[in-house]
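Enquirer: Sharing a model that was predicted from the sequence below.
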Amino acid sequence: MRNLHTLSLVWTNKNTFEHAYTSDYKWFVRTFISELSGISSLQHLYMDGICFLSDNMKHLLRNLKNHLETFSVTHCKLFRSDLYHLSQCWCLCQLKHLDMSGVLLSNFCLMPLRVLLQKVADSLETLELEGCGIKDSQLSVLLPALSQFPKLTKVNFYSNDFYMNVLSDLLHHTANLSNMAMEQYPAPQECYELGLVSIERFEQFCPVLMDTLKAIRQPKSISATDVCSRCSKRCVYEQETRLCSCLQ
(Lines give C-alpha, C1' and ligand atoms only; values in the text may rest on other atoms or scores of the structure.)
Protein backbone atom coordinates (compact mmCIF):
# COMPACT_ATOMS: atom_id res chain seq x y z
CA MET A 1 0.00 0.00 0.00
CA ARG A 2 3.00 2.31 -0.24
CA ASN A 3 1.49 4.00 -3.32
CA LEU A 4 -1.89 4.66 -1.66
CA HIS A 5 -3.03 8.29 -2.09
CA THR A 6 -6.34 8.25 -0.18
CA LEU A 7 -7.26 6.51 3.07
CA SER A 8 -10.77 6.66 4.54
CA LEU A 9 -11.62 5.22 7.97
CA VAL A 10 -15.27 5.16 9.01
CA TRP A 11 -16.70 3.88 12.29
CA THR A 12 -19.37 1.29 11.46
CA ASN A 13 -19.33 -1.10 14.45
CA LYS A 14 -21.59 0.07 17.26
CA ASN A 15 -19.68 -2.17 19.69
CA THR A 16 -16.30 -0.57 18.99
CA PHE A 17 -16.45 1.70 22.02
CA GLU A 18 -17.02 -1.28 24.33
CA HIS A 19 -13.62 -2.67 23.39
CA ALA A 20 -11.71 0.59 22.97
CA TYR A 21 -9.77 0.26 26.23
CA THR A 22 -8.87 -3.45 26.19
CA SER A 23 -5.19 -4.31 25.85
CA ASP A 24 -5.76 -6.23 22.60
CA TYR A 25 -7.61 -3.31 21.05
CA LYS A 26 -4.93 -0.81 22.06
CA TRP A 27 -2.25 -3.10 20.59
CA PHE A 28 -4.19 -3.35 17.33
CA VAL A 29 -4.62 0.43 17.08
CA ARG A 30 -0.96 1.15 17.77
CA THR A 31 0.09 -1.45 15.22
CA PHE A 32 -2.29 -0.09 12.62
CA ILE A 33 -1.12 3.49 13.11
CA SER A 34 2.51 2.41 12.87
CA GLU A 35 1.77 0.96 9.43
CA LEU A 36 0.93 4.48 8.20
CA SER A 37 4.64 5.24 8.19
CA GLY A 38 4.96 2.91 5.20
CA ILE A 39 2.43 4.83 3.07
CA SER A 40 4.76 7.46 1.66
CA SER A 41 2.35 8.73 -1.02
CA LEU A 42 -0.65 9.44 1.21
CA GLN A 43 -2.30 12.76 0.32
CA HIS A 44 -5.89 12.50 1.56
CA LEU A 45 -6.80 11.18 5.02
CA TYR A 46 -10.44 10.88 6.13
CA MET A 47 -11.41 9.67 9.61
CA ASP A 48 -15.09 9.75 10.54
CA GLY A 49 -16.29 8.73 14.01
CA ILE A 50 -13.03 6.99 14.88
CA CYS A 51 -13.00 6.41 18.65
CA PHE A 52 -9.27 5.87 19.13
CA LEU A 53 -8.11 9.26 17.85
CA SER A 54 -8.23 11.09 21.20
CA ASP A 55 -5.66 8.70 22.69
CA ASN A 56 -3.46 8.38 19.63
CA MET A 57 -3.42 11.66 17.67
CA LYS A 58 0.22 12.41 18.45
CA HIS A 59 1.23 8.89 17.48
CA LEU A 60 -0.80 9.06 14.26
CA LEU A 61 0.64 12.41 13.16
CA ARG A 62 4.15 11.26 13.93
CA ASN A 63 3.76 8.35 11.53
CA LEU A 64 2.59 10.40 8.57
CA LYS A 65 5.45 10.75 6.11
CA ASN A 66 4.04 13.03 3.45
CA HIS A 67 2.43 16.46 3.21
CA LEU A 68 -1.33 15.94 3.18
CA GLU A 69 -3.73 17.82 0.92
CA THR A 70 -6.83 16.68 2.83
CA PHE A 71 -7.16 16.15 6.57
CA SER A 72 -10.69 15.25 7.62
CA VAL A 73 -11.33 14.35 11.27
CA THR A 74 -15.08 14.34 11.86
CA HIS A 75 -17.61 13.28 14.51
CA CYS A 76 -15.07 12.16 17.07
CA LYS A 77 -13.77 13.24 20.47
CA LEU A 78 -10.50 15.14 20.74
CA PHE A 79 -8.55 16.47 23.72
CA ARG A 80 -6.94 19.89 24.12
CA SER A 81 -3.53 18.35 23.53
CA ASP A 82 -4.72 16.99 20.16
CA LEU A 83 -5.28 20.53 18.84
CA TYR A 84 -1.74 21.41 19.86
CA HIS A 85 -0.33 18.37 18.05
CA LEU A 86 -2.30 19.33 14.94
CA SER A 87 -0.89 22.85 15.00
CA GLN A 88 2.69 21.55 15.24
CA CYS A 89 2.51 18.76 12.64
CA TRP A 90 4.73 19.47 9.64
CA CYS A 91 2.70 17.21 7.33
CA LEU A 92 -0.35 19.51 7.64
CA CYS A 93 1.35 22.76 6.67
CA GLN A 94 0.30 22.51 3.00
CA LEU A 95 -3.33 21.50 3.49
CA LYS A 96 -5.91 22.28 0.83
CA HIS A 97 -8.90 20.84 2.68
CA LEU A 98 -9.52 20.84 6.44
CA ASP A 99 -12.71 19.31 7.87
CA MET A 100 -13.37 19.03 11.61
CA SER A 101 -17.17 18.90 11.44
CA GLY A 102 -18.84 17.31 14.44
CA VAL A 103 -15.77 17.62 16.69
CA LEU A 104 -16.92 19.35 19.88
CA LEU A 105 -14.63 22.35 20.47
CA SER A 106 -16.79 24.41 22.85
CA ASN A 107 -14.52 23.90 25.88
CA PHE A 108 -11.20 24.42 24.11
CA CYS A 109 -8.88 27.36 23.59
CA LEU A 110 -8.73 27.63 19.80
CA MET A 111 -5.36 29.34 19.58
CA PRO A 112 -3.71 26.10 18.34
CA LEU A 113 -6.32 25.90 15.57
CA ARG A 114 -5.60 29.51 14.68
CA VAL A 115 -1.89 28.65 14.46
CA LEU A 116 -2.68 25.79 12.09
CA LEU A 117 -4.92 28.00 9.93
CA GLN A 118 -2.21 30.63 9.69
CA LYS A 119 0.28 27.99 8.56
CA VAL A 120 -1.97 26.83 5.72
CA ALA A 121 -3.15 30.31 4.70
CA ASP A 122 -1.53 30.14 1.25
CA SER A 123 -2.84 26.69 0.32
CA LEU A 124 -6.23 26.16 2.02
CA GLU A 125 -9.21 25.85 -0.33
CA THR A 126 -12.00 24.49 1.90
CA LEU A 127 -12.64 24.84 5.64
CA GLU A 128 -15.47 22.97 7.35
CA LEU A 129 -16.27 23.48 11.03
CA GLU A 130 -19.93 22.49 11.08
CA GLY A 131 -21.43 21.44 14.38
CA CYS A 132 -18.38 22.15 16.54
CA GLY A 133 -20.25 24.18 19.16
CA ILE A 134 -17.89 27.12 18.69
CA LYS A 135 -18.88 30.17 20.75
CA ASP A 136 -18.40 33.91 20.18
CA SER A 137 -15.22 34.22 22.25
CA GLN A 138 -13.65 31.26 20.44
CA LEU A 139 -14.54 32.60 17.01
CA SER A 140 -12.92 35.92 17.94
CA VAL A 141 -9.66 34.00 18.45
CA LEU A 142 -9.90 32.60 14.91
CA LEU A 143 -10.93 35.81 13.13
CA PRO A 144 -7.41 37.16 12.43
CA ALA A 145 -6.65 33.98 10.47
CA LEU A 146 -9.91 33.89 8.52
CA SER A 147 -9.12 36.80 6.20
CA GLN A 148 -5.80 35.36 4.99
CA PHE A 149 -6.89 32.64 2.52
CA PRO A 150 -6.41 33.78 -1.09
CA LYS A 151 -7.43 30.35 -2.48
CA LEU A 152 -10.37 29.64 -0.17
CA THR A 153 -13.50 28.61 -2.09
CA LYS A 154 -15.70 27.13 0.65
CA VAL A 155 -16.39 27.67 4.36
CA ASN A 156 -18.97 25.89 6.50
CA PHE A 157 -19.80 27.19 9.99
CA TYR A 158 -23.29 25.70 10.30
CA SER A 159 -24.57 24.77 13.77
CA ASN A 160 -22.24 26.93 15.85
CA ASP A 161 -23.34 29.37 18.55
CA PHE A 162 -22.66 32.87 17.19
CA TYR A 163 -24.51 36.05 18.05
CA MET A 164 -25.16 38.82 15.55
CA ASN A 165 -22.21 41.10 16.33
CA VAL A 166 -19.55 38.37 16.14
CA LEU A 167 -21.15 36.78 13.09
CA SER A 168 -21.03 40.17 11.41
CA ASP A 169 -17.32 40.38 12.26
CA LEU A 170 -16.83 36.96 10.65
CA LEU A 171 -18.45 38.13 7.42
CA HIS A 172 -16.31 41.26 7.40
CA HIS A 173 -13.22 39.05 7.60
CA THR A 174 -14.33 36.81 4.73
CA ALA A 175 -15.76 39.56 2.54
CA ASN A 176 -12.48 40.15 0.70
CA LEU A 177 -12.02 36.48 -0.24
CA SER A 178 -12.82 36.84 -3.93
CA ASN A 179 -12.58 33.13 -4.83
CA MET A 180 -15.36 32.11 -2.48
CA ALA A 181 -17.96 29.90 -4.18
CA MET A 182 -19.84 28.49 -1.17
CA GLU A 183 -20.34 30.10 2.25
CA GLN A 184 -22.46 28.43 4.91
CA TYR A 185 -23.04 30.48 8.05
CA PRO A 186 -25.33 29.78 11.00
CA ALA A 187 -28.28 32.02 11.68
CA PRO A 188 -27.43 34.24 14.68
CA GLN A 189 -28.55 33.15 18.13
CA GLU A 190 -30.93 36.13 18.21
CA CYS A 191 -33.12 34.15 15.79
CA TYR A 192 -34.10 31.69 18.51
CA GLU A 193 -36.63 31.96 21.31
CA LEU A 194 -36.43 29.25 23.97
CA GLY A 195 -34.53 27.11 21.51
CA LEU A 196 -37.11 27.50 18.72
CA VAL A 197 -36.74 29.49 15.51
CA SER A 198 -38.50 32.85 15.46
CA ILE A 199 -39.58 33.41 11.85
CA GLU A 200 -39.83 37.17 12.40
CA ARG A 201 -36.30 37.43 13.79
CA PHE A 202 -34.88 35.09 11.16
CA GLU A 203 -36.30 37.27 8.39
CA GLN A 204 -35.04 40.40 10.19
CA PHE A 205 -31.41 39.49 10.92
CA CYS A 206 -30.32 37.35 7.96
CA PRO A 207 -30.77 40.05 5.26
CA VAL A 208 -28.64 42.39 7.39
CA LEU A 209 -25.83 39.84 7.38
CA MET A 210 -26.15 39.35 3.62
CA ASP A 211 -25.83 43.11 3.11
CA THR A 212 -22.46 42.98 4.88
CA LEU A 213 -21.09 40.93 1.99
CA LYS A 214 -23.01 42.76 -0.73
CA ALA A 215 -21.23 45.97 0.22
CA ILE A 216 -17.95 44.41 -1.02
CA ARG A 217 -18.77 41.58 -3.43
CA GLN A 218 -21.56 39.39 -4.74
CA PRO A 219 -22.12 36.91 -1.94
CA LYS A 220 -22.22 33.14 -2.44
CA SER A 221 -23.54 32.66 1.06
CA ILE A 222 -26.32 30.85 2.84
CA SER A 223 -27.46 31.49 6.40
CA ALA A 224 -29.32 28.63 8.03
CA THR A 225 -30.74 27.60 11.36
CA ASP A 226 -29.94 24.39 13.20
CA VAL A 227 -31.59 21.25 11.84
CA CYS A 228 -35.24 21.02 12.93
CA SER A 229 -35.76 18.15 15.36
CA ARG A 230 -39.11 17.29 13.77
CA CYS A 231 -38.54 17.45 9.99
CA SER A 232 -34.70 17.32 9.92
CA LYS A 233 -34.59 20.37 7.64
CA ARG A 234 -33.09 23.85 8.12
CA CYS A 235 -34.61 27.28 7.68
CA VAL A 236 -32.43 28.87 5.02
CA TYR A 237 -31.83 32.45 3.92
CA GLU A 238 -30.04 32.99 0.63
CA GLN A 239 -31.60 35.64 -1.57
CA GLU A 240 -34.93 34.89 0.07
CA THR A 241 -36.27 32.98 3.08
CA ARG A 242 -36.99 29.26 2.85
CA LEU A 243 -38.53 27.83 6.00
CA CYS A 244 -38.44 24.21 7.08
CA SER A 245 -41.67 22.30 6.44
CA CYS A 246 -42.70 22.57 10.11
CA LEU A 247 -42.80 26.39 9.97
CA GLN A 248 -44.33 26.86 6.55
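Expert: Yep, that arrived.

Enquirer: Look up how far residue 175 lies from the spatially most central residue of the chain.
Expert: By Cα atoms, centre = their mean, the chain has its centre lying nearest to residue 129, at 1.8 Å. Counting by Cβ to Cβ, to the nearest Å, the gap from residue 129 to residue 175 is 18 Å. Where you see a C-beta, it was placed from the backbone N, CA and C, and this is true even at glycine.

Enquirer: Kindly report the same for residue 65.
Expert: Following Cβ to Cβ, the distance that separates residue 65 from residue 175 is 39 Å.

Enquirer: Tell me which of the two has more neighbours.
Expert: Neighbour count, other Cβ atoms under 10 Å: between residue 65 and residue 175, residue 175 has more, with 18 against 14.

Enquirer: mind listing what that one touches?
Expert: The neighbours of residue 175, taking Cβ atoms under 8 Å, 6 or more residues apart in numbering as the test, are 212-213, 215-217.

Enquirer: Make TSV out of those and add secondary structure, neighbour count and pLDDT.
Expert: TSV is the format used below for the contacts of residue 175 (DSSP: H, G, I helix; E, B strand; the rest coil; neighbours: other Cβ atoms under 10 Å; pLDDT from 0 to 100):
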residue	secondary structure	neighbour count	pLDDT
212	helix	18	79
213	helix	19	77
215	coil	10	79
216	coil	14	77
217	coil	13	77
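
Enquirer: got JSON lines for the residues you listed, with distance to residue 77 too?
Expert: Conversion of these to JSON lines gives the following (distance: Cβ to Cβ, whole Å):
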{"residue": "212", "distance to residue 77": "34"}
{"residue": "213", "distance to residue 77": "34"}
{"residue": "215", "distance to residue 77": "40"}
{"residue": "216", "distance to residue 77": "38"}
{"residue": "217", "distance to residue 77": "38"}
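
Enquirer: Looking at the residues you listed, which is nearest residue 182?
Expert: For the contacts of residue 175, the closest approach to residue 182 (Cβ to Cβ) belongs to residue 213, at 12.9 Å.

Enquirer: hang on, that closest one packs against residue 221?
Expert: Yes: in terms of Cβ atoms under 8 Å, residue 213 counts as a neighbour of residue 221; the distance is 6.0 Å.

Enquirer: which residues are common contacts for these two?
Expert: Residues touching both residue 213 and residue 221 (Cβ under 8 Å, 6+ apart) are 171, 183.

Enquirer: wait, isn't residue 59 in contact with residue 31?
Expert: No: using Cβ under 8 Å, residue 59 makes no contact with residue 31, being 11.0 Å away.

Enquirer: Neighbour count for these two, which is higher?
Expert: Comparing residue 59 with residue 31 by other Cβ under 10 Å, the one with more neighbours is residue 59, at 15 against 9.
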